[in-house]
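Q: Structural data only, the sequence is not supplied:
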């Protein structure tokens, strides 16, 4: 057979086309994982470091509350979906509304409960983060997750 | 002196050069491979807020572990001081929590942990403690602030 291995006549040639195919596939793979992971990190908040935290479950229905810390004013600023909340009662209302819409997704999907993810700045005080947590509790959310990064 | 004539090069063949392309692709791939290892990934530490549960039968009470975090970063487990305030790894706390978890698992009892932080304590210190709890695989964790301002 012409294409069989072990033919003593012809020298095995280095095939450039399949090598380029493999290289491009590897390149696209590394490009996609790098960019997808970098996009998730919000640069405005310096998250605390936790090397042993769990991998983020992106399948779950969740509301993300950002707790930014102003070191000069010693004050926390709360944002959710790019909307700033000076009054925590307003944040509570927004969380309750998010829970209502999120629970509709829970009924369809495998997510056990709706949760609130708190992305707190590492310089923030425990009280400022606790206030966000209490607001989530008042909105009826008992499942709270804290965001952290794997390395500095 | 011979002048450059762009129309004169009929015999010169400017074909697609595969070798430099492979060089460039290799360099780009190496860059993304290195970046993939050094990338910052956002992770999560889960807690559950305490709530009320309706029960018809008798309820079994379990021992609760209380971890206090002071404003200076001192960590105490059931009023017993653990590690230095500057120690982020908290090896003593980790070891104690691992032993407690093993003892609870052997007794087939759940391990309940409440982290109580002082209001002005750093949030990063709370995350250090939650990280130690994640190492011990303790899942029933509640975080609260000791006293409101």
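A: Yes, it's here. Because the structure is predicted, anything quoted here is derived from the model rather than measured.
Q: Tell me where the model's unsure across the chain.
A: Answering for chain A, as no chain was given. Where chain A drops to pLDDT under 70, the residues are A:1-9, A:35-42, A:106-112.
Q: The chain in question should be chain B.
A: B:1-13, B:51-61, B:147-149.
Q: which residue ranges form the helices in it?
A: Counting by DSSP state H, the segments of chain B that form helices are B:18-38, B:91-106, B:123-135.
Q: Could you say which of these is packed most deeply?
A: Among the helices of chain B, ranked by average contacts under mean count of other C-beta atoms under 10 Å in any protein chain shown, first place goes to helix B:123-135 (a mean of 24). For every residue, glycine as well, the C-beta is placed using N, CA and C.
Q: Centre of the chain to the biggest helix by length in chain A, how far?
A: If you go by DSSP H, chain A has its longest helix at helix A:16-39. Remark: helix A:16-39 is offset 22 Å from the chain centroid, using C-alpha atoms, centre = their mean, to the nearest Å.
Q: and stretch A:121-137, anywhere near chain B?
A: Yes: residues of stretch A:121-137 contacting chain B under C-beta under 8 Å from any C-beta of the partner chain: A:121-130, A:133, A:136-137.
Q: got the contact list for that stretch?
A: Residues from elsewhere that reach stretch A:121-137, judged by C-beta atoms under 8 Å, 6 or more residues apart in numbering or on different chains: A:45-49, A:63, A:65, A:67-69, A:71, A:76, A:78, A:88, A:91-92, A:95, A:116, A:118, A:120, A:144, A:146, B:49, B:69, B:117-127, B:143-145, B:148-149.
Q: For residue B:45, give me its contacts.
A: Residue B:45 neighbours (C-beta under 8 Å, 6+ apart): A:50, A:53, A:54, A:145, A:146, A:148, B:127, B:130, B:131, B:133, B:134.
Q: Quick one: classify the closest residue in space to the first one that isn't next to it in sequence as helix, strand or coil.
A: The shortest distance from residue A:50 to any residue other than its chain neighbours is 3.6 Å, reached at residue A:148 (C-beta to C-beta, 6 or more residues apart in numbering or on different chains). Classification of residue A:148 by DSSP: H, G, I helix; E, B strand; the rest coil places it in strand.
Q: isn't residue A:148 right next to residue A:52, touching?
A: No: the pair residue A:148 and residue A:52 does not pass the contact test of C-beta atoms under 8 Å, sitting 9.4 Å apart.
Q: When these two are compared, which one has more neighbours?
A: For residue A:148 versus residue A:52, neighbours defined as other C-beta atoms under 10 Å in any protein chain shown are more numerous around residue A:148 (27 against 17).
Q: which non-adjacent residue is nearest the most centrally placed residue in chain B?
A: By C-alpha atoms, centre = their mean, the mean C-alpha position of chain B lies nearest to residue B:43, the distance being 5.4 Å. Counting by C-beta to C-beta, 6+ apart, the nearest residue to residue B:43 once its immediate chain neighbours are dropped is residue A:53, at 3.6 Å.
Q: Which residues lie in contact with the one you found in this structure?
A: Counted by C-beta under 8 Å, 6+ apart, residue A:53 has contacts A:148, A:150, B:43, B:44, B:45, B:130, B:131, B:134.
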